[in-house]
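[1] give me the fold of what follows.
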Amino acid sequence: MFRCSHSSRRGGKSQNRTRQKAHGADPATKFGAFFLSADESDAEVSQKQLRQRLSYVRSVRERCAELISVEEQQQERHQRHLFEAVLCVSVRRVGDDWEAYVVRCFPQQAAASEIHAIPQFCFPDSQTWKSSVASYESETFSFVLTSSVGGRRFGYCRRFVPLEKGSWIPVVYCIISHMSAFVFYANVLKEIQNRHALSEAAASTFIGAAYRKPYPPPGDSITICCCGEQRDMLHVSTFTRLVDSRLEHVDYACLLHALGISQLVKVFSAVLMERRVLFVASRLSTLSSCVHAITALLYPFIWQHTFVPVLPSKLLDFVCSPTPFIIGMLSENCAQLSNMPLSEVLLVNLDRAELSWQQGDEGTLIPRKLHKALMNALGMCLDDIGNNTKNLMISEAFIRLFVETVGHYKQHLVTQQNGVRLLQKDSFVNAVQSKSTRVFLQWFCETQMFEVFVADRLQEAPAESCGLFETRLSEHELECYTTKHSTTLRSNVKVFGKKMKGIGKQMKKAITSLEPLMGVNSEDQFAKLAI
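    Residues are numbered from 1 along each chain as shown. Sure thing, here's the model as predicted:
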């Protein structure tokens, strides 16, 4: 069974130099100059605010402890086929209303009780469907089905109006898979649409041939060959997965351009607090892309609560849930919200880039200087660059935020005498020099997503912690080491230069020429950028 789940004159030149260097670097190291774990003169959060935040996140964790299980990690080798099933879904009249239904399913044995809820996610607006349409712009979107034990299945949908004579009712082809790879499956769906334009039989033949193919690893391709209806022509299609799997299911640029930098960071902060967030948009594709993107920005953490990228109109009561959620809703249903008992819900209008019903502290949840650094880093992502590069830069900016705040967690994982491993939270929090970051960690350590993150790390052997986040931690440690020794070397050269002026000038010139190889003092850069 599944459930829905601007710079001052003082620092201007330095900032320009920093931006020039950043643009020349690879995305993984591009934001080093914007972030720094160091002493900060941040404005303090009051003790009352801290107590309120602690009380909230603890109550969420206690209330949801029996309902939430650690998400099962779906290993790619466990999926023998390219997908689990493909459904063709349409709508039909039932009295005065429209109802979504399954036209056909492949493989046929998949047409069981598990897929009974899928049609309403393919047509989340079926209740408000007025009549068949004369024109419809094809769009791709996705949804998530969460099992009672935490496992997730993804539904990838392509909705379009067939070119068949006399038919003006849209259909949806929906791929069901355990794999999170939106870009890959979206390309497969476009080919299914092309085959459907030839005939339903051509589409079915392609689906059958695709089903028998294995799911490729990142960067690899699969080739699907099938005969035409007259068997006089061989159709060949090739599909390639992206090398960086972070970019396969999300479009961060869509979210950034929809909300803008300031609004995006506020929404992200609310999600960090595990609050109830409701996204609204007029198009399914925009809604789906943005809702998936906001949760992906949490990496290396995973959203542990209700997650419904596109909420069917029949299930609007979900927005009244007392537990945290991230839900996407079509704007045509907004009028019904006024009659619902909503409590502390952040409403995010993606069409207007507006936030409603804010609690007022969204701009203070992230430590002030890290908040400014994140804003500066995201500002670089607005440049006219390729979409994949932009997505990678946005992802790296948020990963860097977590590197700066929780990147020292390994130093506080201990094994007790009885063999039990645990995280020493007090030492973990107090190890940070920045007071505002300590305040942040005090409440963030109590969230459900942090608890699951730590539990996963405690179950791993040290050698197994080799994911992207751990790679970024290692790179950050090397960066800090290089910066420290570079600063020490310059100080020694200065002292030596006072004793031997002639040689000192030559040394200074030599060190200046070596600076690009040794690294830069990111602390000075960050202080100037944050003014």
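
[2] from here on, just use CA atoms for contacts and neighbour counts.
    OK.

[3] can you give me the strands for the stretch 201-350 of the chain?
    In the stretch 201-350 of the chain, the strands defined using DSSP state E, counting those that start in this stretch lie at 221-227, 234-240, 276-281, 306-308, 325-330, 345-349.

[4] the stretch 51-200 of the chain now?
    Remark: strands assigned in the stretch 51-200 of the chain by DSSP E, counting those that start in this stretch are 85-94, 97-106, 139-147, 152-160, 171-177.

[5] compare those strands and give me the one nearest V265.
    Smallest distance to V265 across the strands of the stretch 51-200 of the chain (C-alpha to C-alpha): 23.8 Å, for strand 139-147.

[6] what pLDDT does the model give K528?
    Model confidence at K528, given as pLDDT, is 37.

[7] please renumber so the chain begins at 670
    Yes, from this point I'll number from 670; that puts the last item at K1197.

[8] give me the neighbour count for L903.
    For L903, the number of neighbouring residues by other C-alpha atoms under 10 Å comes to 11.

[9] from F908, how far off is the nearest residue to it once chain neighbours are set aside?
    Closest residue in space to L903, ignoring its immediate chain neighbours: C896 at 4.6 Å, by C-alpha to C-alpha, 6 or more residues apart in numbering. C896 sits 18 Å away from F908, taking C-alpha to C-alpha, to the nearest Å as the criterion.

[10] just give me how far stretch 719-735 sits from the chain centre.
    In terms of C-alpha atoms, centre = their mean, to the nearest Å, the centre of stretch 719-735 is set 23 Å apart from its chain centre.

[11] contact partners of it?
    Stretch 719-735 is contacted by residues 942-943, 992-993, 1108, 1111-1113, 1115-1117 when judged by C-alpha atoms under 8 Å, 6 or more residues apart in numbering.

[12] next step: those residues restricted to helices.
    Counted as lying in helices by DSSP state H, out of the contacts of stretch 719-735, are 1108, 1111-1113, 1117.

[13] drop anything exposed from those.
    Neighbour-count burial (16 or more other C-alpha atoms under 10 Å) is assigned, among those, to 1108, 1111-1113, 1117.

[14] closest to S807 out of these?
    S807 has its nearest neighbour among these in Q1117, at 38.0 Å by C-alpha to C-alpha.

[15] how near is the nearest residue to that closest one once chain neighbours are set aside to C1114?
    Leaving aside its sequence neighbours, Q1117 sits nearest to R730 (C-alpha to C-alpha, 6+ apart; 5.5 Å). Between R730 and C1114 the computed distance is 11 Å (C-alpha to C-alpha).

[16] next: E943.
    Taking C-alpha to C-alpha as the measure, E943 falls 12 Å from C1114.

[17] on that earlier part again, from the buried ones among the ones in helices among the contacts of stretch 719-735, which two are the most distant?
    For these, the farthest-apart pair by C-alpha to C-alpha is V1108 and Q1117; their separation is 17.4 Å.

[18] assumed Q1086 was part of a helix.
    No: the assignment for Q1086 (DSSP: H, G, I helix; E, B strand; the rest coil) gives coil, which keeps it out of a helix.

[19] report the contact partners of it.
    Contact analysis of Q1086 by C-alpha under 8 Å, 6+ apart lists nothing.

[20] distance of it from I1063?
    Between Q1086 and I1063 the computed distance is 43 Å (C-alpha to C-alpha).

[21] likewise L1142?
    Using C-alpha to C-alpha, L1142 is found at 18 Å from I1063.

[22] looking at these two, which one has more neighbours?
    Taking other C-alpha under 10 Å, L1142 and I1063 do not tie; I1063 has more neighbours (24 against 19).

[23] the more buried one: what secondary structure?
    Classification of I1063 by three-state DSSP places it in helix.

[24] which residue is nearest the centroid of the chain?
    With distances taken as C-alpha atoms, centre = their mean, the chain has A965 as the residue nearest its mean C-alpha position (1.3 Å).

[25] is it true that it touches V919?
    Yes: using C-alpha atoms under 8 Å, A965 is in contact with V919, at 7.2 Å.

[26] re earlier: of all the contacts of stretch 719-735, which comes closest to P1010?
    Of all the contacts of stretch 719-735, P1010 sits closest to T992, with 13.6 Å by C-alpha to C-alpha.

[27] pLDDT at that closest one, what is it?
    Per-residue pLDDT puts T992 at 89.

[28] ok, the one 4 residues further on next?
    Looking at I996, its pLDDT reads 95.

[29] what residues are up against it?
    Contacts of I996 (C-alpha under 8 Å, 6+ apart): 946-948, 960, 975-980, 988.

[30] that one and V1017, how far apart?
    I996 sits at a distance of 10 Å from V1017 (criterion: C-alpha to C-alpha).

[31] same thing with P883?
    Going from P883 to V1017 by C-alpha to C-alpha gives 39 Å.

[32] neighbour-wise, which of these two wins?
    V1017 (23 against 15).

[33] is the more buried one in a bridge, and if so with what?
    Note on V1017: beta-bridge partners by DSSP bridges are F948, L1024.

[34] wait, doesn't it sit right on F948?
    Yes: V1017 lies in contact with F948 (C-alpha under 8 Å); the separation is 4.7 Å.

[35] format the ones in helices among the contacts of stretch 719-735 as a markdown table; extra columns: pLDDT.
    Shown next, in a markdown table, are these (pLDDT from 0 to 100):
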| residue | pLDDT |
| --- | --- |
| V1108 | 94 |
| Q1111 | 95 |
| W1112 | 95 |
| F1113 | 95 |
| Q1117 | 92 |
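
[36] out of those, who's nearest A850?
    Lowest distance from A850 to the ones in helices among the contacts of stretch 719-735 (C-alpha to C-alpha) belongs to Q1117, with 25.5 Å.

[37] residues contacting that closest one?
    By C-alpha under 8 Å, 6+ apart, Q1117 lies in contact with 726, 729-730, 973.

[38] can you pick out the most distant pair from the residues you listed?
    With distances taken as C-alpha to C-alpha, the most widely separated pair in these is V726 and Q973, at 12.8 Å.

[39] could you check the pLDDT of the closest residue to V1072 other than its chain neighbours?
    Closest residue in space to V1072, ignoring its immediate chain neighbours: L1142 at 6.2 Å, by C-alpha to C-alpha, 6+ apart. Looking at L1142, its pLDDT stands at 89.

[40] what's the answer for the one 4 residues further on, then?
    According to the per-residue confidence, E1146 scores 83 in pLDDT.

[41] so how far is the helix or strand encompassing F1119 from its chain's centroid?
    Secondary structure from DSSP states H and E places F1119 in helix 1117-1128. Computed by C-alpha atoms, centre = their mean, the separation of helix 1117-1128 from the middle of its chain amounts to 18 Å.

[42] swap in stretch 1100-1108?
    When distances are taken as C-alpha atoms, centre = their mean, stretch 1100-1108 is centred 26 Å away from the chain's centroid.

[43] quick check: buried residues in it?
    Under the neighbour-count criterion of 16+ other C-alpha under 10 Å, stretch 1100-1108 has 1101, 1103-1108 buried.

[44] what about that stretch, start to end distance?
    12 Å.

[45] I'd like the distance between C774 and L756.
    From C774 over to L756 the distance is 5 Å, taken as C-alpha to C-alpha.

[46] so for those two, which residue has more residues nearby?
    Neighbours per residue (other C-alpha under 10 Å) separate C774 from L756, with L756 holding more: 26 against 19.

[47] what's the pLDDT at that one?
    We have a pLDDT of 94 for L756.

[48] hmm, back to that, can you list the strands of the stretch 870-1019 of the chain in TSV and add distance to L751?
    As requested, those are exported to TSV (distance: least, C-alpha to C-alpha, whole Å):
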stretch	distance to L751
strand 890-896	10
strand 903-909	11
strand 945-950	31
strand 975-977	24
strand 994-999	28
strand 1014-1018	35
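
[49] out of the ones you listed, flag the one nearest E768.
    E768 sits nearest to strand 994-999 of all those, at 17.4 Å, using C-alpha to C-alpha.

[50] in its sheet, what does the closest one sit against?
    Strand 994-999 has the following strand partners under DSSP bridges: strand 945-950 (parallel), strand 975-977 (parallel).
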